[in-house]
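**Q** I would like the atomic coordinates for the input below:
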Amino acid sequence: MGYKIKFGTDGWRAVIARDFTTENVKRVSEGASHWLLEQHEQPAVVIGHDCRFGG
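**A** A predicted model of the protein is given here:
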């Protein structure tokens, strides 16, 4: 858990398999869900997918 996840104006930028790992995706997802639950009575989430190679 040594990698510090950093967000900029364009979101989370990371190197796949080094910084962008399943463990870090889990950390980001859990953090976002906790924040949503704290901020909103009935939070909603929209999930998108980039169909391009590497997307």
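**Q** State the helix or strand in which the residue of the chain positioned farthest from its centre lies.
**A** In the chain, the residue that sits farthest from the middle, by CA atoms, centre = their mean, is Glu41; the gap is 21.3 Å. Assigned by DSSP states H and E, Glu41 belongs to no helix or strand.
**Q** if I pick it, what's in contact with it?
**A** With contacts defined as CB atoms under 8 Å, 6 or more residues apart in numbering, Glu41 has no neighbours. Yep, even glycine has a C-beta here, placed from its N, CA and C like the rest.
**Q** ok, now Asp19?
**A** By CB under 8 Å, 6+ apart, the residues touching Asp19 are 3, 5.
**Q** And for the one 10 residues further on?
**A** For Ser29, the set of contacting residues under the criterion of CB under 8 Å, 6+ apart is empty.
**Q** please begin residue numbering at 18 from this point
**A** Yep, numbering from 18; the last one is Ser46 now.
**Q** how distant is the helix or strand where it lies from the center of its chain?
**A** Taking DSSP H and E as the criterion, Ser46 maps to helix 39-56. The chain centroid and the centroid of helix 39-56 are separated by 7 Å, computed with CA atoms, centre = their mean, to the nearest Å.
**Q** Also stretch 29-47?
**A** Stretch 29-47 has its C-alpha centroid displaced from the chain centroid by 7 Å (CA atoms, centre = their mean).
**Q** Any buried residues in that stretch, and which?
**A** 31, 41 (16 or more other CB atoms under 10 Å).
**Q** Can I get that stretch in PDB? Just the C-alpha atoms.
**A** Once non-C-alpha atoms are left out, stretch 29-47 reads as follows in PDB (Å, rounded to 0.1, in the frame of the first residue of the first chain):
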ATOM      1  CA  TRP A  29      -6.500   9.400 -11.800                       C
ATOM      2  CA  ARG A  30      -3.500   8.900 -14.000                       C
ATOM      3  CA  ALA A  31      -1.300   5.800 -13.300                       C
ATOM      4  CA  VAL A  32       0.800   3.100 -14.900                       C
ATOM      5  CA  ILE A  33      -1.200  -0.100 -15.500                       C
ATOM      6  CA  ALA A  34       0.000  -3.000 -13.400                       C
ATOM      7  CA  ARG A  35       2.400  -0.800 -11.400                       C
ATOM      8  CA  ASP A  36       0.200   1.900  -9.900                       C
ATOM      9  CA  PHE A  37      -3.200   1.100 -11.500                       C
ATOM     10  CA  THR A  38      -3.800  -2.300  -9.900                       C
ATOM     11  CA  THR A  39      -6.900  -4.200  -8.700                       C
ATOM     12  CA  GLU A  40      -6.000  -3.300  -5.100                       C
ATOM     13  CA  ASN A  41      -5.800   0.400  -5.900                       C
ATOM     14  CA  VAL A  42      -9.000   0.300  -7.900                       C
ATOM     15  CA  LYS A  43     -10.600  -1.300  -4.800                       C
ATOM     16  CA  ARG A  44      -9.200   1.500  -2.600                       C
ATOM     17  CA  VAL A  45     -10.600   4.200  -4.900                       C
ATOM     18  CA  SER A  46     -14.000   2.500  -5.200                       C
ATOM     19  CA  GLU A  47     -14.300   2.100  -1.500                       C
END
